[in-house]
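Enquirer: Got a sequence here, can you build the structure:
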Amino acid sequence: MSRRDNYRDSYIPLLILLVTVFCFEANGFENFTHSAVIKEGVYHLHWKYDNASITFEVQVQTTGYIGFGLSPNGGMAGSDIVIGWVKNGVGYLKDRYATTTAEPAIDSSQDVTLLYSSENGTHTTLQFERKLDTCDTDDRAITMGTIRIIWSYHNDDPASDTGLTYHGNTNRGAKSLYLLTGPSGNVAPTIPNDAFTVDFLNPNVAVPSATTTYWCVGFAMPKYGQKHHLIKYAPVIQAGHEALVHHILIYACHHEVNMTQHNGTQYACYQNMPADLDNCNAPIVAWAIGSEGLTFPENVGYPLGRDSDVDFVIMETHFDNPNARSDYVDSSGIQMTLTPTPRPIDAGLLQAGVAVTDRHVIPPYYSNLHSWGHCPSQCLSQGMASQQSGIKIFASFHHTHLLGTALHVRHFRNGIELPWVSYDDNYDFNYQEVQVLENEVTVLPDDDLVVDCTYKSNAKTAVTYGGLSTVEEMCLGFLLYYPKINLTDCLTVAVESDLKQVSDNAAYPFVFAMNSVNWQSEAKRTQFQTLEKSSSRYVRCREGVTSYSVGTISALQITQEYQPPTGPCNYSTTTTSATTTQGLDSKGNTRSGNLCVFVATVIWIVLSVT
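Expert: Alright, predicted model coming up:
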């Protein structure tokens with residue numbers, strides 16, 4: 001064998017490896033950062049994004065067409081939709097929109113690019129890309145907060161771009177997801193070698209046959225005699241239950257609990273809750289479908305393990321059981337990763353918003369009612385007495401009940417509003433998840449925070465009051481931050497005498513006065529919204545069970561409100577033609593596949609001449 005043969009043989013394996021890796025990547029096997037089971041065993045979604053665009057991949061058990069859309073409310077009307085399929089080895093995809101419950105119209109501006117498509121005997125895969133904001137009035141911008149996904153599929157390809165065969169009632173649905181959460185393209189912090197895990201799992205819960213169940217289990221927290229740090233949490237979902245387990249929350253109890261009695265106790269949340277667990281409402285873990293959990297910044301951890309740390313928690317699991325099956329037995333839960341080597345900085349959790357009380361009033365007949373809790377500088381400055389450089393918020397969790405439609409955590413400095421800490425303009429009670437912030441937000445001792453909730457009560461005929469049950473209301477923001485300060489609760493509620501000005505029976509007790517108002521009167525509703533904005537506030541700020549004395553404060557004086565950027569769009573831009581986007585040529589090769597063919601050809605030529 002010649003030296004040339006030896007040389008050639010030595011690099012053939014390397015060239016083959018390079019081509020294999022290149023073509024593997026080129027044919028749709030991307031390193032997606034997020035995934036969700038849309039329909040168990042049938043419809044799977046993967047995605048990743050950067051500052052300008054987002055890439056989706058849908059993998060569906062069908063050899064027909066696939067629909068995927070973004071909806072304002074879970075229905076078709078107003079939705080931005082793509083429909084695609086693979087036929088005779090050629091992939092097709094069209095950008096569409098819906099104005100009613102009917103076949104979506106083809107968009108005159110085709111703003112989606114098909115990157116990859118494939119089909120075998122059972123499954124179809126489509127990978128496509130679009131801008132976060134396409135500047136097309138028939139498209140929906142993808143922003144921070146809850147996005148309602150709608151999906152469908154059919155077992156057959158359409159004969160043409162129009163006249164699609166109806167997919168039927170069982171081959172469609174809707175699901176809420178956070179598509180944008182955390183720094184885009186970030187590298188997850190490393191986990192130290194001494195870290196270990198602790199599982200909090202449902203004890204083989206026989207899931208009720210109801211379509212929606214909230215199930216609670218109590219756990220005594222382990223004690224280690226010294227401070228440990230929680231540095232990560234992740235879901236542990238029982239195989240086959242990926243679509244059943246919709247979200248999991250773990251709430252800390254900051255008061256004394258009979259752990260002997262309640263460790264391992266389980267019950268239907270909000271229905272059969274033991275009285276002494278009512279105040280376990282400070283979440284330290286929040287996970288929902290589509291998320292892989294939360295990893296804390298590398299220099300930060302949440303303190304656990306000492307006698308002075310959290311003693312008892314409640315794990316709430318939301319089971320989504322649309323077919324009302326009675327044969328589910330679930331052992332899903334949350335895995336916490338702890339390290340016995342404390343990191344330099346303790347993380348803290350601040351609960352801000354409206355105090356949970358019947359003085360929190362949501363009258364009926366509103367399309368949009370704003371109600372907010374003010375975390376004032378008087379509280380923040382006391383909590384930060386030894387931390388004058390302020391705190392950095394790195395994640396946020398929003399919470400209202402069934403009437404909530406939006407929530408903004410607002411940030412003020414000297415009366416001037418800074419960019420929102422976090423927001424969700426499409427809040428969904430059945431999808432609660434931590435928002436990891438793109439950029440950490442610094443809050444100083446003299447700043448003010450406002451949790452601003454929007455409610456839709458036009459289907460109600462009576463007042464809804466604040467409270468713990470889901471038929472009552474809340475307005476809370478839970479802020480993960482560092483370094484930890486001496487403040488766990490920063491809550492306010494409007495002074496009742498101010499709100500009673502809307503009632504002709506102001507001399508009577510508060511609830512009677514509110515219930516006696518003619519809320520069908522637009523003038524009364526307008527007056528109440530004005531009073532809610534301008535009312536003085538009772539303040540409750542505390543560290544654990546130790547309260548700070550603040551008393552009553554006047555309404556926040558706002559000199560300048562924040563105006564979010566308008567973005568790059570100007571809607572007079574020229575549209576592109578409504579041609580079908582094809583990711584495959586007539587021979588069934590992807591564009592990337594053609595590159596693979598080119599690379600392979602070059603290698604063949606090199607080998608031929610060496």
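
Enquirer: Just the helices from the chain, written as ranges.
Expert: If you assign secondary structure with DSSP state H, the helices in the chain sit at 3-26, 259-262, 377-383, 496-499, 510-515, 522-534, 591-609.

Enquirer: what about the first one, average pLDDT?
Expert: What helix 3-26 shows for mean pLDDT is 46.

Enquirer: now the second one
Expert: Summarised as a single mean, pLDDT over helix 259-262 is 86.

Enquirer: And the contacts of that helix?
Expert: Under the contact criterion C-beta atoms under 8 Å, 6 or more residues apart in numbering, helix 259-262 has outside partners 218, 220, 274, 276, 277, 311, 312. All C-beta atoms are positioned from the backbone trio N, CA, C, and that covers glycine.

Enquirer: How about the first one: which residues does it bridge to?
Expert: Spelled out, that is residue 218. With DSSP bridges applied, the residues forming beta bridges to residue 218 are residue 314.

Enquirer: For residue 488, list the residues it contacts.
Expert: Contacts for residue 488 were tallied using C-beta under 8 Å, 6+ apart; they are 254, 282, 348, 349, 350, 351, 542, 543, 544.

Enquirer: Which of those residues has the largest number of neighbours?
Expert: For those, counting by other C-beta atoms under 10 Å, the largest number of neighbours falls to residue 350: 26 neighbours.

Enquirer: so where's the stretch 401-550 of the chain uncertain?
Expert: Along the stretch 401-550 of the chain, the parts satisfying pLDDT under 70 run over 544-545.

Enquirer: same thing with the stretch 201-350 of the chain?
Expert: When the per-residue scores of the stretch 201-350 of the chain are filtered using pLDDT under 70, the ranges that remain are 290.

Enquirer: just the strands in it please.
Expert: Remark: strands assigned in the stretch 201-350 of the chain by DSSP state E, counting those that start in this stretch are 205-206, 212-220, 228-236, 245-253, 266-268, 282-288, 294-295, 300-304, 312-320, 329-330, 333-339, 345-346, 348-354.

Enquirer: tell me which strands and helices the first one is in contact with?
Expert: Which is strand 205-206. Contacts defined by 3 or more C-beta pairs under 8 Å, 6 or more residues apart in numbering; DSSP states H and E place strand 205-206 against strand 329-330.

Enquirer: what are the pairing partners of the strand it packs on, and which direction each?
Expert: Short version: by DSSP bridges, strand 329-330 pairs with strand 205-206 (antiparallel).

Enquirer: Need the nearest residue in space to residue 409, chain neighbours excluded.
Expert: In space, and not counting its chain neighbours, residue 409 is closest to residue 421: 4.0 Å by C-beta to C-beta, 6 or more residues apart in numbering.

Enquirer: go on, residue 492?
Expert: The nearest residue in space to residue 492 (C-beta to C-beta, 6+ apart) is residue 537, at 3.8 Å.

Enquirer: Hmm, the one you found is touching residue 555, no?
Expert: Yes: contact criterion C-beta atoms under 8 Å: residue 537 and residue 555 qualify, at 7.3 Å.

Enquirer: So between the two, which is more surrounded?
Expert: Neighbour count, other C-beta under 10 Å: between residue 537 and residue 555, residue 537 has more, with 24 against 15.

Enquirer: what sits against the more buried one?
Expert: Taking C-beta under 8 Å, 6+ apart as the definition, contacts of residue 537 comprise 373, 374, 376, 492, 493, 494, 495, 552, 553, 554, 555.

Enquirer: Nearest residue to residue 460 in space, please, no chain neighbours.
Expert: residue 364 (3.8 Å).

Enquirer: To clarify, my last question referred to residue 222.
Expert: With C-beta to C-beta, 6+ apart as the measure, residue 198 is the residue that lies nearest to residue 222, at 6.3 Å, once sequence neighbours are left out.

Enquirer: Which pLDDT value goes with the one you found?
Expert: Predicted confidence (pLDDT) for residue 198: 97.

Enquirer: try residue 581
Expert: Model confidence at residue 581, given as pLDDT, is 48.

Enquirer: ok so, going back, relative to residue 437, how far out is the residue nearest to residue 409?
Expert: As defined by C-beta to C-beta, to the nearest Å, residue 421 lies at a distance of 7 Å from residue 437.

Enquirer: Of these two, which one has the most company?
Expert: Ranked by neighbour count (other C-beta under 10 Å), residue 421 and residue 437 place residue 421 first, with 23 against 20.

Enquirer: Which residues are in contact with the more buried one?
Expert: The neighbours of residue 421, taking C-beta under 8 Å, 6+ apart as the test, are 393, 396, 409, 410, 411, 437, 441, 449, 477, 479.

Enquirer: picking that back up, between residue 537 and residue 555, which contacts overlap?
Expert: Taking C-beta under 8 Å, 6+ apart as the contact criterion, the common neighbours of residue 537 and residue 555 are residue 374.

Enquirer: ok, back up a step: taking the contacts of helix 259-262, tell me the two that lie furthest apart.
Expert: In the contacts of helix 259-262, two members sit farther apart than any others by C-beta to C-beta. They are 274 and 311, at 15.5 Å.

Enquirer: Grab the CA positions of stretch 395-415 and hand them over as PDB.
Expert: Extracted C-alpha coordinates of stretch 395-415, given in PDB (Å, rounded to 0.1, in the frame of the first residue of the first chain):
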ATOM      1  CA  ALA A 395     -37.300  35.900  37.600                       C
ATOM      2  CA  SER A 396     -41.000  36.600  38.200                       C
ATOM      3  CA  PHE A 397     -44.100  34.600  38.800                       C
ATOM      4  CA  HIS A 398     -47.600  36.100  38.200                       C
ATOM      5  CA  HIS A 399     -50.800  35.000  39.900                       C
ATOM      6  CA  THR A 400     -54.500  36.000  39.700                       C
ATOM      7  CA  HIS A 401     -57.500  33.700  39.600                       C
ATOM      8  CA  LEU A 402     -60.200  33.100  36.900                       C
ATOM      9  CA  LEU A 403     -61.000  36.800  36.100                       C
ATOM     10  CA  GLY A 404     -57.400  37.900  35.500                       C
ATOM     11  CA  THR A 405     -56.500  38.600  31.900                       C
ATOM     12  CA  ALA A 406     -53.200  40.500  32.200                       C
ATOM     13  CA  LEU A 407     -50.600  41.400  34.800                       C
ATOM     14  CA  HIS A 408     -47.700  43.900  34.800                       C
ATOM     15  CA  VAL A 409     -45.000  44.300  37.500                       C
ATOM     16  CA  ARG A 410     -44.300  48.000  37.200                       C
ATOM     17  CA  HIS A 411     -41.200  49.800  38.500                       C
ATOM     18  CA  PHE A 412     -41.000  53.400  39.500                       C
ATOM     19  CA  ARG A 413     -38.100  55.700  40.600                       C
ATOM     20  CA  ASN A 414     -38.900  59.200  41.800                       C
ATOM     21  CA  GLY A 415     -42.300  59.000  40.200                       C
END
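
Enquirer: Perfect, that will be all.
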